[in-house]
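Enquirer: would you be able to build a 3D model of this:
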Amino acid sequence: MSDRNIVYVVSIVFALALAVGLLFLHELETIRPETQATIVKTTINESVYEVAVFCKDVNFGRVCHEVFNKQLVGGVYGIPDLDFGASSGSDASFDNSISSLGMMPGYEVTLYRDKYFEGASKTFTANASYVGDDFDDRASSVRVMRIGMGETN
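Expert: Just a heads-up that it's a prediction; the model follows:
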């Protein structure tokens, strides 16, 4: 293969890689919820999409944790201990840190005061730019559920 053909093939491969990258970036869209009608929405592809998000600051600020549809088993996804990542010293722990949350229509998010879905709870069926004085920075576990699915064992 001549040098000219190699340059031509490399150019085509580069152009294809660039086109695929641009398509991926187009699909990966983030919209911060600013009203009750919207939610942070990250779409990785048609079969993987965000259904809920909870954030450390009011108005969906600072660090947010996303829950994707593929994480739900039988329509339910739970995090029994929001202290994940605390040992790394990072900002990953959400224990006693949630101030706002959102979800796609057809889902609900329940915050629990204690780990393992114990203690007082509060359920949201619409986005909340502020979870309220009773749960601000007080949740230690969370459950995301598709409405009408109920809990499954």
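Enquirer: what's the pLDDT at residue 38?
Expert: Note on residue 38: pLDDT of 38.
Enquirer: ugh, wrong one, residue 150
Expert: Per the predicted model, pLDDT is 55 at residue 150.
Enquirer: for the chain, what are the low-confidence residue spans?
Expert: Scanning the chain for pLDDT under 70 picks out 1-46, 84-92, 149-153.
Enquirer: can you do 80?
Expert: Applying pLDDT under 80 to the chain flags the ranges 1-48, 62, 84-92, 148-153.
Enquirer: domain parsing for it?
Expert: 1-27, 31-146 (automatic domain parsing).
Enquirer: relative to residue 80, how far out is residue 120?
Expert: Noted for residue 120: a distance of 16 Å to residue 80, by CB to CB, to the nearest Å. Just so you know, the C-beta spots here come from the backbone N, C-alpha and C atoms, and that holds for glycine as well.
Enquirer: more neighbours: those two, which one.
Expert: More crowded of residue 120 and residue 80, by other CB atoms under 10 Å: residue 80, with 16 against 12.
Enquirer: thought residue 117 was touching the more buried one, still the case?
Expert: Yes. Residue 80 lies in contact with residue 117 (CB atoms under 8 Å); the separation is 6.3 Å.
Enquirer: quick check: neighbours shared by the two?
Expert: Common contacts of residue 80 and residue 117 (CB atoms under 8 Å, 6 or more residues apart in numbering): residue 141.
Enquirer: longest strand of the protein?
Expert: strand 48-57 (DSSP state E).
Enquirer: following element in sequence after that strand, please.
Expert: With elements assigned by DSSP states H and E, the helix or strand that comes after strand 48-57 is strand 61-68.
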